[in-house]
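> Attaching a predicted model along with its sequence, questions to come.
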Amino acid sequence: VFMSSFTPLPPDSQAEFWREAVLSARSGFVACDMQEMIVAWNPASETIFGWQADEVVGRSLADTILPGGIRGNTSHELSGLLGSGNTARSGLRRRVRVRRRDGSLFMAEADLMPIDVDDGHFVSCFVRDISETVQAEQQLMQAQKLESIGQLTGGLAHDFNNLLGIIIGSLDLVTPVIEDPQQQELVAASLAAAHRGADITRALLSVARRRALKPQPVDVNASIVDMLPLLRQSAGRKISLEVSANALASVCNIEAGGLNSALVNLVINARDAMPNGGNILVYAYSMEILPESLAAPLELKPGPYLVVGVDDNGSGMSPEVAIHAFDPFFTTKPRGQGTGLGLAMVYSFARQSGGTARIESAPGRGTSVQLLLPAISAASVDGIAVSCSAA
């Protein structure tokens, strides 16, 4: 039988014990009085917020760390915790956007609890920066949403493709027996429209990942260089396109044609965002995702990756628009100028290749789209045939 004994701290040691516990805590600890003025601020709070304790003690908690838009609600909750009628000792846990000394905002989780010390009423608050956790949750929700949309569009595209096959086959059969020029023109237009519909359904099936890829080891550095004439032609004369393909581990097990299509799609999107001309950079570099890295996309396993990106200095997108950029059929182009499938196909290619895609953009600051593709280690590359062309 395992026996243990517990010796309580003597009264004269308890205060020092709790003081040291708060000072050494990895979470920020803040306390305020009945007037919501800061009375305690531990070293972790100094690290999180950028304010030193002697700079904030005696200042208003709301004015120090809360952006203006949420001060009213938070102050109301603090008043409720500080009120004399709150004897249940029940606390609050909130996710709240707070402000650092430099003005930057971040998401924090705060545990608030009323405490009484020497007949005084206070609120204690443990604060944790959960920015990376929130980002990971958003990435997971986006991946799940795109998966659901892909399954839906895949089923519809498969059925629609079967119908188009019948239409195209029938038009091919009647074309040779039609002699009237006007009727031939009508049949040719119908056949062209049907083939265009077939192209769209193939794109949908690609988005839904129902088109089987044929991966092979591809040297992405060499492929990007080989594609330079095609990419510059896709960009047009008004665009300056440069390439920086210097990844250390540049071999990936991917479908060469899929990489070709993805890069062309990204360059065309970048071109369309700069109707008056601009700059595009196509690049590749190596990165390592470490185990338990909160900054890495949740859908990626630890290991070596190749980042293939296309950056532009175009009009950019707001966060509300950028979060939908990979959604099938979502487009900011005028009606009739885009299907909304280009970026969805890029995302689908990256996911089918064992990686993912991400986008960063801001109005007036351009857009960066990156594919993160699993790289083959140098030791594994020895002795295998590597393709150097994405054509």
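Great, that's in hand.
> right, and V174 touches L186 too?
No. Using CB atoms under 8 Å, V174 is not in contact with L186, being 10.9 Å away. All C-beta spots, glycine's among them, are computed from the backbone N, C-alpha and C.
> What lies in contact with the host helix or strand of L259?
Using DSSP states H and E, L259 sits in helix 256-272. Applying CB atoms under 8 Å, 6 or more residues apart in numbering, the external contacts of helix 256-272 come out as 213, 216, 218, 220, 223-224, 227, 230-231, 234-236, 239, 241, 278, 280, 282, 308, 310-312, 314, 333, 338, 342-343, 345-346, 349-350, 352-353, 367, 369, 371, 387, 389-391.
> just the strands in the stretch 151-300 of the chain please.
216-219, 239-245, 251-254, 278-289 (DSSP state E, counting those that start in this stretch).
> Could you identify which of those strands is most buried?
Mean neighbours per residue, mean count of other CB atoms under 10 Å, is largest over the strands of the stretch 151-300 of the chain for strand 251-254, with a mean of 24.
> Remind me what that strand packs against, helices and strands.
Secondary-structure packing of strand 251-254 (3 or more CB pairs under 8 Å, 6 or more residues apart in numbering; DSSP states H and E): strand 216-219, helix 220-226, strand 367-374.
> Could you dump the ones you listed into a markdown table with distance to T201 and mean pLDDT added?
A markdown table is the format used below for the helices and strands packed on strand 251-254 (distance: least, CB to CB, whole Å; pLDDT from 0 to 100):
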| stretch | distance to T201 | mean pLDDT |
| --- | --- | --- |
| strand 216-219 | 26 | 90 |
| helix 220-226 | 28 | 92 |
| strand 367-374 | 24 | 94 |
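> Let me know which of the ones you listed is tucked in deepest.
By mean neighbour count, with neighbours taken as mean count of other CB under 10 Å, strand 367-374 ranks first of the helices and strands packed on strand 251-254 at a mean of 22.
> partners of it in the sheet?
Sheet pairing for strand 367-374, assigned by DSSP bridges, gives strand 303-312 (antiparallel), strand 356-361 (antiparallel).
> A235 touches I280, doesn't it?
Yes. The criterion here is CB under 8 Å, and A235 meets it with I280 at 5.8 Å.
> and for those two, which residues touch both?
Contacts common to A235 and I280, judged by CB under 8 Å, 6+ apart, are L241, V267, A270, R271.
> Let me know the average pLDDT across stretch 328-346.
Mean per-residue pLDDT for stretch 328-346: 72.
> And stretch 162-172, by the same measure?
What stretch 162-172 shows for mean pLDDT is 86.
> Mind listing what's buried along it?
Within stretch 162-172, the residues that count as buried by 16 or more other CB atoms under 10 Å are L164, I167, I168, L171.
> What's the separation between the last one and G165?
Computed as CB to CB, to the nearest Å, the L171 to G165 distance reads 11 Å.
> Please apply the same query to G366.
With distances taken as CB to CB, G366 is found 42 Å from G165.
> Likewise for A350?
A350 is 29 Å from G165, where distance means CB to CB.
> which intervals of the stretch 251-391 of the chain have sub-threshold pLDDT?
Confidence mapping of the stretch 251-391 of the chain against pLDDT under 70 gives the ranges 292-298, 334-340, 378-391.
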